[in-house]
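# Would you be able to build a 3D model of this:
(chains A and B)
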Amino acid sequence: MIAYLHFLVTGTYVWLGWFFVVAGSLFFLVMTATECWLAFTCRSWFDADEPMRLAWGMIAFAALARLAGVVIREVADGRLPWGPVQLRPLFGGVFANLGQMGLFVGGPLSMAFLAIGLGRVLQTQRRFWLRGPLTLGDRVLLVLIIAFSVSQLVINLSLLGGHPSPGAVLLWLSDPLLALLLIEAVLVRRAVVRIGQGLLAKCWGMFVMAIVTTSLGDAAIWANNHDLLSKRLTALSWYIWFVAAAAFASAPAYQLAAISIVQEPNLRQPASR
Amino acid sequence: MSLLSRFKLRFRQGRGRLAASEPILLEAASASGLNDLTERLNRWGRLWSPGEDEPEHTHARTIVTRRLTGWMERCFGEHMPASLNGAGDPISLASSMPVLTAFLGRRATRELSRRVLRDV
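Sure thing, here's the model as predicted:
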């Protein structure tokens, strides 16, 4: 916040830029690596024939893709000792540059894995009747999400005439995938509301929070591209990604806490009311 | 030879080996041991799912229900026992194990049931 206050007072991006380049990069790297490790640990607690193994496997792959995306973008920005790396000879022009590849791996690819994983969670919740009925607000939100993703699809299809690169077309998948994740988040939230505030409810709640904050971050980028946000609000919106990264890492931590608490030898039996 | 035919051939060979192996000889357990086992299985069966109320099992079942409810609240949430047993029946091992296994995994649930049944 000191960097942001400095920006507010001076109007220069020096401290803010330094903060996001050094501390921000390190934070995202540590958070995604932690999330990846926690998600794979959660997966290892389920046997091959258990439905949640696939769910946690997909969530772990989503985290791995996000981690790979962060690393690729760091490499592309030339922040490593050996400087920028050129990708063109490796992938024959599918991606315009390494940064675009990093955006795809950490964006649509990661979202696709997460959508499959959360789909499996929803399937398991439905099996046990854990999902509560949708409220009017939920239904309105779902209709808005679908309407927004259809409008984005129409805009993107009209751009196909300009012969965009395959990498750019792949990046267009992020909007429909984010819409799918938001729909899943609305349904998962119903289960959280229904069961209360236990460790697993917090785990699912963190996924909801992560998806919603990611959507807010994307909306802020969209608004900034259309000059709808002031410079102050734009700079403030960059902090959303910290919340999203922390929420993504907290979700498997809560699942692992629920599994570990059962194994804890010195823990007293819970007293029920 | 196709992959399927190879598999069938290996399966037949494996089955032949199984049939040709020596039968395992088991000694019959003593009558007292069998009675003990039957008694224990019946006792655990009554704890697993609520049935007819016998005074000596009511206390044990109450402890199991209380512990299970506590674990459900801690792992899932405070409304979980109610949403699992909408009809108002007391929560039992039989009714809660499938959902616990699904979301915590088989190994963790085995440990949980061991803790729930400890000293009961």
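
# so who does residue A:212 touch?
Contact analysis of residue A:212 by Cβ atoms under 8 Å, 6 or more residues apart in numbering or on different chains lists A:182, A:185. For glycine as for every other residue, the C-beta is placed from the backbone atoms N, C-alpha and C.

# separation between it and residue A:264?
Distance, residue A:212 to residue A:264, by Cβ to Cβ, to the nearest Å: 32 Å.

# How many neighbouring residues does the residue of chain B found nearest chain A have?
The minimum distance from chain B to chain A, using Cβ to the nearest Cβ, falls at residue B:77 (2.5 Å). For residue B:77, the neighbour count with other Cβ atoms under 10 Å in any protein chain shown is 25.

# Got phi/psi on it?
With angles defined as degrees, to the nearest 10, residue B:77 sits at phi 170, psi 170.

# ok, it - contacts?
Going by Cβ under 8 Å, 6+ apart, residue B:77 touches A:192, A:195, A:196, A:197, A:198, A:200, A:201.

# for chain A, which spans come out with low pLDDT?
A:79-93, A:267, A:269-273 (pLDDT under 70).

# Quick one: the helices in the chain, in order.
Just so you know, I chose chain A. Applying DSSP state H to chain A gives helices spanning A:2-10, A:14-18, A:25-44, A:51-76, A:88-91, A:98-104, A:110-127, A:136-159, A:166-171, A:174-195, A:199-225, A:231-237, A:240-263.

# right idea, wrong chain: chain B
B:3-20, B:31-48, B:55-75, B:80-84, B:93-104, B:106-116.

# ok, back up a step: the contacts of residue B:77 also near chain B: which ones?
Among these, proximity to chain B is found for A:192, A:195, A:196, A:197, A:198, A:200, A:201 (Cβ under 8 Å from any Cβ of the partner chain).

# among these, which ones are buried?
For those, a burial check counting by 16 or more other Cβ atoms under 10 Å in any protein chain shown picks out A:192, A:195, A:196, A:198, A:200, A:201.

# out of the helices of chain A, nearest to residue B:93?
Of all these, it is helix A:240-263 that lies closest to residue B:93, at 14.4 Å by Cβ to Cβ.

# by how many degrees do the closest one and helix A:51-76 diverge?
Computed with axes from the mean of the first three to the mean of the last three Cα atoms, to 10 degrees, the direction of helix A:240-263 lies at 140 degrees from that of helix A:51-76.

# Flag every residue of chain B that's near chain A.
Counting by Cβ under 8 Å from any Cβ, chain B sits next to chain A at B:66-67, B:69-80, B:83-84, B:98-99, B:101-109, B:111-112, B:115-116.

# Once you drop chain neighbours, what's closest to the closest residue to chain B within chain A?
Per Cβ to the nearest Cβ, residue A:196 is where chain A lies closest to chain B, at 2.5 Å. Closest residue to residue A:196 apart from its sequence neighbours, by Cβ to Cβ, 6 or more residues apart in numbering or on different chains: residue B:77 at 2.5 Å.

# Just the pLDDT at that neighbour, thanks.
Residue B:77 is assigned a predicted lDDT (pLDDT) of 90.

# in chain B, which segments are predicted with low confidence?
For chain B, the stretches flagged by pLDDT under 70 are B:1-26, B:29, B:43-57, B:85-89.

# okay but residue B:64 is in contact with residue B:113, surely?
No - using Cβ atoms under 8 Å, residue B:64 is not in contact with residue B:113; the gap is 9.6 Å.

# got any residues that touch both of these two?
With Cβ under 8 Å, 6+ apart, residue B:64 and residue B:113 have common neighbours residue B:93.

# that older thread, right, and out of the contacts of residue B:77, which lies closest to residue A:45?
Of all these, residue A:200 has the smallest distance to residue A:45: 12.9 Å, by Cβ to Cβ.

# check contacts around that closest one.
Residues in contact with residue A:200 (Cβ under 8 Å, 6+ apart) are A:254, A:255, A:258, B:75, B:76, B:77, B:103, B:104.

# if you set the cut-off to 7 Å instead, what comes out?
Taking Cβ atoms under 7 Å, 6 or more residues apart in numbering or on different chains, we find residue A:200 in contact with A:255, A:258, B:75, B:76, B:103.

# Grab the two from the residues you listed that are most spread out in space.
Within those, A:255 and B:76 form the most distant pair, 11.7 Å apart (Cβ to Cβ).

# Columns distance to residue A:1 on top of the contacts of residue A:200, output as a markdown table?
Output for the contacts of residue A:200, formatted as a markdown table (distance: Cβ to Cβ, whole Å):
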| residue | distance to residue A:1 |
| --- | --- |
| A:255 | 31 |
| A:258 | 33 |
| B:75 | 36 |
| B:76 | 36 |
| B:103 | 37 |
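
# Mind checking which of the residues you listed are buried?
With neighbours counted by 16+ other Cβ under 10 Å, the contacts of residue A:200 contain buried members at A:255, A:258, B:75, B:76, B:103.

# Look up the closest residue to the last one, ignoring the ones flanking it.
Spatial nearest neighbour of residue B:103, chain neighbours left out: residue A:200 (5.7 Å); criterion: Cβ to Cβ, 6+ apart.

# With the third one instead?
Of all residues beyond its chain neighbours, the one nearest residue B:75 is residue A:258 (4.8 Å), with distances taken as Cβ to Cβ, 6+ apart.

# again, but for the fourth one
Using Cβ to Cβ, 6+ apart and skipping the chain neighbours, the partner closest in space to residue B:76 is residue A:198 (4.3 Å).

# Is that neighbour in contact with residue B:81, as I believe?
No - with contact defined as Cβ atoms under 7 Å, residue A:198 does not reach residue B:81; the gap is 10.7 Å.

# Show me whatever sits in contact with both of those two.
Residues touching both residue A:198 and residue B:81 (Cβ under 7 Å, 6+ apart): residue B:73.

# Could you check how many residues crowd around residue B:107?
The number of residues packed near residue B:107 is 17, by other Cβ under 10 Å.

# That one contacts residue A:50, correct?
No - using Cβ under 7 Å as the test, residue B:107 is too far from residue A:50 to be in contact (9.8 Å).

# Perfect, I'm done here.
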